[in-house]
Structures are given as structure tokens and as C-alpha cells.
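Novice: Structural data only, the sequence is not supplied:
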Ligand code: CP3
């Protein structure tokens, strides 16, 4: 068993720097395309055997030091009672967005065993196969709320921020339910065998820091506190575009902070408080010529040498146009450069 990832989460020195990539399973991989070509994305998420297969693909191909469950942050929103559609090229759609009190009251807090058994079954199957740790995950409440309030992806979050500013009680009632759903969903993942948990706050960076403090942070704090009562596995919080939020996120009771590429890694480490750090290569840096990519990775490893714990990752997900050979070059470089001298 390769436990370097779990050790780094806990701030321990490791034989090499562990590496995994957000969205390491997905459309840039021909093997994923092959499995996906015959069914929809949601069918894939809900089929434990196939979800297991695509989770394992990047581990087998590239030798990542951790696996992440193949699923989507929006699966529990569907289980809350909201019809969910994915259309190729358009991303997720909620045809019945949550905009008023009636819709908020209709949201149910699902029971993971009963309503999302396929997620737990996938975790159990994966644990039998894997020789690296398995990361479970969920969306953070603010990020999830943007999808269900806007009805899909958004640029300016007009409906979400409008609700925050004009109907804060309505906003809070929706976020409270999403928070309860997320806590119990993650606890169920841990019980089924997930060995670390990551909260994805993909849109946190769209908030002014004062609004993040009032309308996003408290729900993350609640989930982390709930999780600490039920499990002692490492907890990771990733706020995309979150450099300006570090004064808040560095106070969170997480083990690891995920960092995007818009801040130098050394600055993020300095400002991350007691946390281990995970990140932060620009996903588009995978398009650099080999020598430049390797030089950038070497520089990051040098910057991270004093971190309390360091996990190499991208600053956000792998983009579909990425050349898999470049991923291999990056993973090998992290392993090779960070083992030198050990
Ligand atoms: O390998 C992994 O990282 C595990 C699987 C995973 C997916 N989505 C698979 C996926 C994870 C961890 C996610 C999280 C997720 N989903 C986030 C948070 C991380 C982030 O990227 O910010 C968000 C915001 C979503 C919502 C979502 N899912 C969007 C906006 C889209 C459409 C955009 C896109 O890339 O297609 C998805 C679809 C999605 N989720 C795909 C995959 C592999 C593509 C589906 C396909 O095959 O067409």
C-alpha cells in the first residue's frame, strides 16, 4: 500500500512527494471516452462497476498516488429532489431552479444508503482494487447553491447573489439543507471506506471576501465540525480562485488546503496557517514543452520544501484537450525530482 498521500495530508515527511490531479479521470483519456461513448455521464456515475473502472484508469496509466471517486458534486442535489441533466458541451442543467420558499421547502435531505447507494458501492469496490488511498468528495455548499439557484453554470451569479442580498433568510434556508445533506453524504462515504475527503468550492473566488465570510465560510465550518465528530480521516478544502480568501480559509479545521495557480506556491504555503498544502500547477501548464514543464515542476518542488505537508496537484481540473503523454511526463517528474536525495 502506497500511503504517501495520507502521510503528506498529516504533515509528515514522505519518501517522495505524492501527486494526484483534480479531474484525473475524464474526457482527455481515450480509455474514458471508450467507456463513456456507449452511455450518458450520469449513467456512468450511477454504475458502480463502470465508475470503478474509470476511477482506476488514471491510477493504472500514470501511477498517481491517490484515486478520487468517479462521481459528480451535483449527484446529491439530484437526490435532494432536483431533476439534473447533462448536455454535451453545455454542462449541467437544473430545469427547476430553487428560487422561492416553496422550492426551498420541497428540498429533502437525502439518505445516502437509500438514495445514492451506487456511490457507496463504488467506494467498496474501489477499496478492494486500490493500492493507493481513495479520496471521497462533495461540493461545498456555496458552490452547490450556485448551480441549483442559477439552474446550471453561471458567469455572474446574478440569481445567487441577488438572493443573498435581498432574501438572506431564503438563501440561508437553502444553504442549511445543502449543508446537512453534504455532512451526512461525506460521513457515509467515510464509513463506506473513503480514506480522505475533499470539499470542492469551485466558485468561492467569485465572492467578495466579506460575502465569503458571511455566505459561504460558516457552512464549510459546520461540515468540517460534523465530519470531525464522525471520522478522523484527512479533510481537504479547495477554494478555486481563493488566494484572497486565505485569511479565512487558513483558520478552517481542515488538514489540507487546495490552492489554485493564481498565487505563487511559496506565498500560499506561508499563508496557509497550520495546513498541509495541495496544488497548484496551472492545468494549462500541461501544454508547455517538456523541458519547460519539468522546470516548472522542479521550481514548485523547491518552493514546497518547507511546507508542513505537500501534495502535488493542479490548481484546478485537467482540461479535456490535455495530451495524456504530458500528464505522464508531469507525474514522473514529480516522483523523480522529489525522490532525489532520499
Ligand atoms: O477525476 C475526478 O476528478 C473525479 C470525478 C469528478 C467529476 N466532476 C467528473 C466529471 C469530480 C471530482 C467532479 C467535481 C465537479 N463537478 C466540480 C468541482 C470541481 C471543478 O471542476 O470545479 C464541479 C463544479 C462539477 C460540475 C460539473 N460536472 C460541470 C460544470 C461539468 C461540465 C463541465 C465539463 O467538464 O464537462 C461536469 C461534468 C463532468 N464531471 C465530467 C466529468 C468526467 C464530464 C462528463 C462527460 O463525460 O461528458
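Specialist: The structure has been received and is ready for your questions. All values derive from a computational prediction rather than experimental measurement. Numbering: from 1, shown residues only.
Novice: Show me which residues of the stretch 201-342 of the chain are close to the ligand?
Specialist: 202, 240, 317 (CB under 6 Å from any ligand atom). All C-beta spots, glycine's among them, are computed from the backbone N, C-alpha and C.
Novice: Pick the one among the residues you listed closest to residue 196.
Specialist: Here the nearest of these to residue 196, counting by CB to CB, is residue 317; it sits at 17.6 Å.
Novice: can you pull the contacts of the residue in the stretch 101-250 of the chain that the ligand sits nearest to?
Specialist: In the stretch 101-250 of the chain, no residue comes nearer to the ligand than residue 202, which is 3.1 Å away by CB to the nearest ligand atom. Shown in contact with residue 202 (CB atoms under 8 Å, 6 or more residues apart in numbering): 73, 139, 143, 240, 316.
Novice: pLDDT for the residues of the stretch 201-342 of the chain next to the ligand - can I get that in a markdown table?
Specialist: Conversion of those to a markdown table gives the following (pLDDT from 0 to 100):
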| residue | pLDDT |
| --- | --- |
| 202 | 98 |
| 240 | 98 |
| 317 | 98 |
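Novice: need these in TSV with distance to residue 105 and secondary structure, can you?
Specialist: Conversion of those to TSV gives the following (distance: CB to CB, whole Å; DSSP: H, G, I helix; E, B strand; the rest coil):
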residue	distance to residue 105	secondary structure
202	27	coil
240	31	coil
317	34	coil
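Novice: What is the burial count for residue 273?
Specialist: By the other CB atoms under 10 Å criterion, the neighbourhood of residue 273 contains 14 residues.
Novice: How about residue 238?
Specialist: Residue 238 - counted by other CB under 10 Å - has 27 other residues nearby.
Novice: so it, which of the three states?
Specialist: Put simply, residue 238 is strand when judged by DSSP: H, G, I helix; E, B strand; the rest coil.
Novice: Against the ligand, how distant is residue 288?
Specialist: 21 Å (CB to the nearest ligand atom, to the nearest Å).
Novice: Which helix or strand contains the residue nearest in space to the middle of the chain?
Specialist: With distances taken as CA atoms, centre = their mean, the residue of the chain nearest its centroid is residue 200 (3.9 Å). According to DSSP states H and E, residue 200 maps onto strand 196-201.
Novice: Let's test this: mean pLDDT of that strand, rounded?
Specialist: Per-residue pLDDT values over strand 196-201 give a mean of 98.
Novice: helices or strands next to whichever helix or strand comes after that strand in the packing?
Specialist: Past strand 196-201, further along toward the C-terminus, the next helix or strand under DSSP H and E is helix 209-215. Taking 3 or more CB pairs under 8 Å, 6 or more residues apart in numbering; DSSP states H and E as the contact definition, the neighbouring helices and strands of helix 209-215 are helix 158-166, helix 246-249.
Novice: and the helix or strand following helix 209-215 with strand 196-201, angle?
Specialist: Toward the C-terminal end, the helix or strand that comes next after helix 209-215 (DSSP H and E) is helix 217-230. Calculated by axes from the mean of the first three to the mean of the last three CA atoms, to 10 degrees, helix 217-230 forms an angle of 170 degrees with strand 196-201.
Novice: Quick check: buried residues in helix 217-230?
Specialist: By 16 or more other CB atoms under 10 Å, the buried positions in helix 217-230 come out as 217, 219-224, 226-227.
Novice: what's next to the strand holding residue 200, contact-wise?
Specialist: If you take CB under 8 Å, 6+ apart as the criterion, strand 196-201 is touched by 5-6, 9, 66, 68, 73, 133-140, 142-143, 182, 186, 189-190, 216, 220, 223, 227, 231, 233-240, 242, 254, 258.
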